[in-house]
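Novice: what follows is a predicted structure for the sequence shown.
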Amino acid sequence: MPGAFEAWLVLRGIKTLPLRMRQHCQNAMAVARYLQQHPKVSRVNYPGLTQHPHHELALRQMPGGFGGMLSFHLRGGQAQAMEVAARTQIFTRATSLGGTHSLIEHRASVEGSGSKTPRNLLRISAGIENTQDLIADLDQALGSPG
């Protein structure tokens, strides 16, 4: 049973939840679109993209937005993915979902040696920071095309 303070925190946070979720979704969509066109990225997993195999289903089930989570595969292996994650400055390397700050992680290394997650995959939890700042951070982390 939550105490009075905890209940107050929930009530306070719920008041801005729709605004925060809208920004999570907008940022994730913008980042997904940016990554989709980047030559160092081979695949983006985000249901808001029309190329996603379950986009039509997502349109029906997620009318308010497609969420703040996405992942992408880099052309290259684990070393390339780890380098990109390490070079981000706004994204924090961490495992969590849905916070106000953007996070990036190399999921396979978090899961350990038995992981079936592709070694070139990075996962992002888009926060509510300025969209262009997030894209610029990924752009500098990915480095020059080619």
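Specialist: Cool, the structure landed.
Novice: and whichever helix or strand A28 is part of, what does it pack against?
Specialist: Assigned by DSSP states H and E, A28 belongs to helix 17-37. Applying 3 or more C-beta pairs under 8 Å, 6 or more residues apart in numbering; DSSP states H and E, we find helix 17-37 packed against strand 41-45, strand 69-74, helix 131-142. To be clear about C-beta, it is placed using only N, CA and C from the backbone, and glycine gets the same treatment.
Novice: hey, which of these is tucked in deepest?
Specialist: Looking across those with neighbours counted as mean count of other C-beta atoms under 10 Å, the highest average goes to strand 69-74: a mean of 21.
Novice: report the distance from it to the chain centre.
Specialist: Chain-centre distance of strand 69-74: 7 Å, with C-alpha atoms, centre = their mean, to the nearest Å.
Novice: so for the helix or strand that it is followed by, what gets flagged as buried?
Specialist: Later in the chain than strand 69-74, the nearest helix or strand by DSSP H and E is helix 78-87. Going by neighbour count (16 or more other C-beta atoms under 10 Å), the buried part of helix 78-87 is Q80, A81, M82, V84, A85.
Novice: neighbouring contacts of helix 78-87?
Specialist: For helix 78-87, the external contacting residues (C-beta atoms under 8 Å, 6 or more residues apart in numbering) are 40, 74, 91, 93, 104-106, 108-109, 119-122, 140-143.
Novice: so, low pLDDT: which residues of the chain?
Specialist: Low-confidence segments of the chain (pLDDT under 70): 144-146.
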